[in-house]
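1. sharing a sequence plus its predicted fold:
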Amino acid sequence: MRLTVAQAVVTFLANQWTERDGVEQRSIAGTFGIFGHGNVAGVGQALLQAQRTGSADMPYHLARNEQAMVHAAVGYARMKNRLSAMACTASIGPGSTNMLTGAALATVNRLPVLLLPSDIFATRVAPPVLQELEDPGSYDVSVNDAFRPLSRFFDRVWRPEQLPSALLGAMRVLTDPADTGAVTVCLPQDVQAEAYDFPDELFARRVWHVARPPAEPAFVERAAEVLRNATRPLLIAGGGVIYAEASAELDRFARETGIPVADTQAGKGALSWDHPNAVGGVGSTGSPVANRLARDADVIIGVGTRYSDFTTASHTAFGNPDVTFININVAAFDAAKQSALPIVADCRAGLSELLAALGGKQFPTGYRVAAAEWQVAVDQAYRMGHGPLPAQAEVIGVVNEACGARDVVVQAAGSMPGDLQLLWRARDPKQYHVEYGFSCMGFEIAGALGIKMADPSREVYALVGDGSYLMMSQEIVTAVSEGVKLIVVLVQNHGFASIGALSESLGSQRFGTSYRYRGGSQDYDGGHLPVDLAANAESLGAAVIRCRTIADLRDGLKAARESDRLTVVHIETDPLSPVPSSESWWDVPVSEVSDLSSTQDARAAYVAAKRAQRPYL
Ligand SMILES: Cc1ncc(C[n+]2csc(CCOP(=O)(O)OP(=O)(O)O)c2C)c(N)n1
Ligand SMILES: [Mg+2]
């Protein structure tokens, strides 16, 4: 088939399918993009031709910012449990480098996205092309080399002959649950438009089977032996449980063994909050119930978790001197963490096999009393009646109660991820979407767009801090133009409640964390700025509801749900409002020497806290 390289890419991608458990879906369901001279006549022409002639089914979605379009693609892939993803086409130079943060975010979160940055001329007839880096020491280096460490697969197609192997390599990594992340195929500007006689077989319908690898029986037997001799095990459910759709197996495992189940940010919702074995989040922003269980546990069963420092409370969460780990993970890299007994397997398969090998072993369920008491504390936080401005915990409570069981909440950075992990009651494995691998400010609205595109049957709530909103809110315009309805809850607290509190706890006196006029001192201690984010959202095409009180918010959310327009619900909260303690810690180093007494005090507390840190060797 004589096609340009770009036409071949589009035709190939339209014919890739993913299959797991007998269900087939499109591997690459569509393409986000922003055109410039690097892709308008190559990939752009190919997408146009596909639409006009019907030669390939590849919907195109015009984004407003390249970083944000990768966030949208990530939201899409996570909602699809990594079985379907989106491609992103960007122009050369800044269009492509704008995708770097999104690439890192995808790879950190182990979520598939296909990035197609445009690249410098392969033929080098008139260098430098507009926006070319020019490395005097190497003519084949371009800005796109910055994608290499951020991508799980990286290739550059200097010649059309290389395209088949590049595309097949890309698909292999995109569809491998152990290896997936950002996949980058750079397309030089001239090569995109170059024609070549591609073999017909390249464009045949291809189905990528997504495996559920079973565990090595010897490892399961050894893990069962360890567990049979345990007295206080705790299971930690990570995002892998949700991606493997293993909630039913986890439920069975928990009910039949009695073992309590804590969750990570990515794993929240793997079991419903009111499951008899659920004890809430574990780690720095986890529930005190889970953290007390973690402190004493003799065996930790980590299922589908990458053990971020928030999960391990920077290696202070597990205090039993004899604690050992059993990890079930599809990725050998994660299964081996904490010197664990590694069960390298699909979470669903691994849980079933381990349960069968346990032979009916049961553990005491006394923790249920504390878990029930904790829920009373959550209720109180939801209704604390804080004033004069409401507390963020109350906002979370109202959104939680407004949400139907299948609705989705989206967040990524600021003080909300911690408050949400502590207080949110998730009822469905796909309800809680907090991007906390990269915790990237600005993910929320763009991510919500991709989530809603992946499952239009669900109401999607993006909770956005004022800092995140100012960093990246322009995808409101994309959502409006695509007819995608979102509910954006915009929480205005005039700066960084999160880093402000962190700064204070580390002796840095909230320096440089508030959005105010530069006042008399050297910090921003003047009045509030004349910034009206609600008006800003309105100007981007959103319907806006301004709320002053929690009662207003309840009414506002009801109106937003009933509307078919993207609606921004704006509320101001008290950045200093309290939440219950997690009884946990997070390692953020404090200056060892300082002339400030606040830093000296924080350093002393830091040194004391670090004593609880363990290597888990
Ligand atoms: C892109 C990016 N830059 C910086 C940070 C560091 N950071 C984490 S939270 C935060 C402040 C967030 O402010 P806001 O969205 O208003 O949330 P709040 O803390 O007020 O809840 C910053 C700067 C980050 N996570 N992401
Ligand atoms: Mg804020």
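-> Received it, and whenever you're ready, just let me know what you need. Ligands and ions are numbered 1, 2, ... in the order given.
2. for this structure, which helix is longest?
-> Ranked by number of residues, the top helix in the chain under DSSP state H is helix 367-382.
3. so for that one, mean pLDDT?
-> Mean per-residue pLDDT for helix 367-382: 98.
4. tilt between the next helix or strand after that helix and helix 367-382?
-> Remark: after helix 367-382, the chain's next helix or strand is helix 392-402, criterion DSSP states H and E. Angle, helix 392-402 to helix 367-382, by axes from the mean of the first three to the mean of the last three Cα atoms, to 10 degrees: 110 degrees.
5. counting contacts, what elements does the helix or strand following helix 392-402 pack onto?
-> Next helix or strand after helix 392-402 toward the C-terminus (DSSP H and E): strand 408-411. Secondary-structure packing of strand 408-411 (3 or more Cβ pairs under 8 Å, 6 or more residues apart in numbering; DSSP states H and E): helix 416-423, strand 432-434, helix 443-454, strand 460-465. C-betas here are computed from N, CA, C, even on glycine.
6. would you mind writing the CA trace of the last one as PDB?
-> What follows is strand 460-465 as a C-alpha-only set of coordinates in PDB (Å, rounded to 0.1, in the frame of the first residue of the first chain):
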ATOM      1  CA  VAL A 460     -17.300  13.400  36.600                       C
ATOM      2  CA  TYR A 461     -16.300  15.900  39.300                       C
ATOM      3  CA  ALA A 462     -13.000  17.600  39.100                       C
ATOM      4  CA  LEU A 463     -11.900  19.100  42.400                       C
ATOM      5  CA  VAL A 464      -9.500  21.900  41.700                       C
ATOM      6  CA  GLY A 465      -7.500  24.200  44.000                       C
END
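7. hmm, it touching ligand 2?
-> Yes - using Cβ under 5 Å from the ion, strand 460-465 reaches ligand 2 at residue 465.
8. and the helix or strand following that strand with ligand 2, contact?
-> Next in sequence after strand 460-465, counting helices and strands by DSSP H and E, comes helix 466-471. Yes - judged by Cβ under 5 Å from the ion, helix 466-471 and ligand 2 are in contact via 466, 467.
9. give the other helices and strands that helix 466-471 contacts.
-> Applying 3+ Cβ pairs under 8 Å, 6+ apart, we find helix 466-471 packed against helix 443-454, strand 487-492, helix 533-539.
10. mean pLDDT added to those, as TSV?
-> Shown next, in TSV, are those (pLDDT from 0 to 100):
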stretch	mean pLDDT
helix 443-454	99
strand 487-492	98
helix 533-539	98
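11. buried ones in the helix or strand hosting residue 551?
-> Per DSSP H and E: residue 551 is located in helix 550-562. Going by neighbour count (16 or more other Cβ atoms under 10 Å), the buried part of helix 550-562 is 550, 552, 553, 556, 557, 560, 561.
12. which member of the residues you listed is positioned nearest residue 21?
-> residue 561 (32.7 Å; Cβ to Cβ).
13. nearest spatial neighbour of the residue of the stretch 151-300 of the chain found nearest ligand 1, skipping sequence neighbours?
-> For the stretch 151-300 of the chain, the residue closest to ligand 1 is residue 285, as judged by Cβ to the nearest ligand atom, at 12.7 Å. Leaving aside its sequence neighbours, residue 285 sits nearest to residue 418 (Cβ to Cβ, 6 or more residues apart in numbering; 3.7 Å).
14. that neighbour and residue 584: what is the separation?
-> Using Cβ to Cβ, to the nearest Å, residue 418 is found at 10 Å from residue 584.
15. tell me the strands beside the following helix or strand past the helix holding residue 551, with direction?
-> As assigned by DSSP H and E, the chain's next helix or strand after helix 550-562 is strand 567-572. Sheet pairing of strand 567-572 (DSSP bridges) gives strand 487-492 (parallel), strand 543-547 (parallel).
16. how about the secondary structure of the residue of the stretch 151-300 of the chain closest to ligand 1?
-> Under DSSP: H, G, I helix; E, B strand; the rest coil, the three-state class of residue 285 is coil.
17. please apply the same query to residue 168.
-> Quick answer, by three-state DSSP: residue 168 is helix.
18. that one: neighbouring residues, count only.
-> Residue neighbour count, defined by other Cβ atoms under 10 Å, stands at 13 for residue 168.
19. now it: how far from residue 266?
-> The value you get for residue 168 to residue 266, if Cβ to Cβ is used, is 29 Å.
20. three-state assignment of the residue of the chain positioned farthest from its centre?
-> Residue distances from the centre of the chain (Cα atoms, centre = their mean) peak at residue 125, which lies 42.0 Å from the mean C-alpha position. Following three-state DSSP, residue 125 is assigned to coil.
21. which ones are touching the residue nearest to residue 79 when sequence neighbours are not counted?
-> Ranked by Cβ to Cβ, 6+ apart and with sequence neighbours excluded, the top spatial neighbour of residue 79 is residue 454, at 3.6 Å. With contact taken as Cβ atoms under 8 Å, 6 or more residues apart in numbering, residue 454 is in contact with 75, 76, 77, 79, 80, 84.
22. same thing but 10 Å
-> 29, 72, 75-81, 84-86, 408, 430, 460 (Cβ atoms under 10 Å, 6 or more residues apart in numbering).
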